[in-house]
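J.: Here is a sequence together with a model predicted from it:
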Amino acid sequence: MQRKAYVPGVAALLAALLAGCTSGSDDGGTTDNSNPGDTGAVTAVAEPGRYDALPEACRAVGRSALDSLLPGIRLIPDETQRENAYQGQATLTFDTDRKAGCRWKVESTDAIDHLSVDLERVVSYDNAVSDDSQAETLFARKVTAAGLPAPTPSGSTTATTPSTSASASTSPSPSPSASASASASASASASASASASASASADLQPRLLEDLGDEAFVNDVLASSGSTAKQRVVTVAFRTSNVIVTIVYEEQATSIGVVPDSKEMQDRARKLAAQLADSLAG
């Protein structure tokens, strides 16, 4: 029987094909160990906030600030009690790196004053949302909760008092021109007084602040405590990066008919807020 001829070239071709099936191609083809679904893309992570810790709240407020906000603190006769009053009382918290606070209360013959300072370091647990963005969202909720009124347009209201007009019309006058001059003068005086009062009220109304931190606001509420005593609560809150600071300053007069001064309390609270903002920035 005639044997079939053996062709060495065919054997070599088959060996080459088998080798190509078991190894990666030279042009970067997929190997057995590669993952076809892996594109190699890296998910971007949002930037962390500037602050990774908080200062100790009770030590963040200096003695000079406490002397201004709590006038009766220097008058405490007992030295130990006075020192305890300066130290304040730390707010109980489970994570001082995330939340910290301190409270002070001082009674004097003129008023009972309360001061609280709360600090919150905001951390976002969403890789797509930065700490600053999360803090901005939380601060916007605080602004909404405060219910700040819409700004009053300047020069929008000018009123004359009926009593002034009535007095001018009933008082005897030697001549029509003198009566008209007196009426115009009284009207101008009443208008100027009303305008000055409206301007002062607008300057002290609850409002957003532009010169404190990244964003800030002040709220001012006057309430009655019981039947006679008046209590004013001034709140100043601001955000700097991923830290939110809230100052609540309360004063209740001890004398009947005395109303705590709005401008004085706002000035004191805003000065403390500026000092805390500077210490955080440093």
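T.: Great, that's in hand.

J.: tell me which residues in the host helix or strand of Thr137 are buried?
T.: Mapping Thr137 onto the secondary structure by DSSP states H and E places it in helix 131-146. Across helix 131-146, burial judged by 16 or more other CB atoms under 10 Å covers Asp131, Asp132, Ser133, Gln134, Ala135, Glu136, Phe139, Val143, Ala146. Yep, even glycine has a C-beta here, placed from its N, CA and C like the rest.

J.: Stretch 96-112 now?
T.: Quick answer for stretch 96-112 (16+ other CB under 10 Å): Thr96, Lys99, Ala100, Gly101, Cys102, Arg103, Trp104, Val106, Glu107, Ala111, Ile112.

J.: Stretch 117-135 now?
T.: Using 16+ other CB under 10 Å as the test for burial, stretch 117-135 gives 117-122, 124, 130-135.

J.: contacting residues for Leu204?
T.: Asp220, Ser262, Lys263, Gln266 (CB atoms under 8 Å, 6 or more residues apart in numbering).

J.: can we see that at 6 Å?
T.: Ser262, Lys263 (CB atoms under 6 Å, 6 or more residues apart in numbering).

J.: cool, and the one 4 residues further on?
T.: The neighbours of Leu208, taking CB under 6 Å, 6+ apart as the test, are Phe217.

J.: my read: Glu250 touches Ile112, true?
T.: No. With contact defined as CB atoms under 6 Å, Glu250 does not reach Ile112; the gap is 8.2 Å.

J.: Give me the three-state assignment for Asn127.
T.: Taken by DSSP: H, G, I helix; E, B strand; the rest coil, the conformation at Asn127 corresponds to coil.

J.: Roughly how far does the residue nearest to it when sequence neighbours are not counted sit from Asp97?
T.: Spatial nearest neighbour of Asn127, excluding adjacent residues (CB to CB, 6 or more residues apart in numbering): Val45 at 4.9 Å. Distance of Val45 to Asp97, computed by CB to CB, to the nearest Å: 20 Å.

J.: what do you get for Glu264?
T.: The value you get for Glu264 to Asp97, if CB to CB is used, is 35 Å.

J.: is the residue lying closest to Cys58 once chain neighbours are set aside in a bridge, and if so with what?
T.: Nearest residue to Cys58 in three dimensions, chain neighbours excluded: Cys102, at 4.0 Å (CB to CB, 6+ apart). On the basis of DSSP bridges, Cys102 is bridged to Ala90, Val117.
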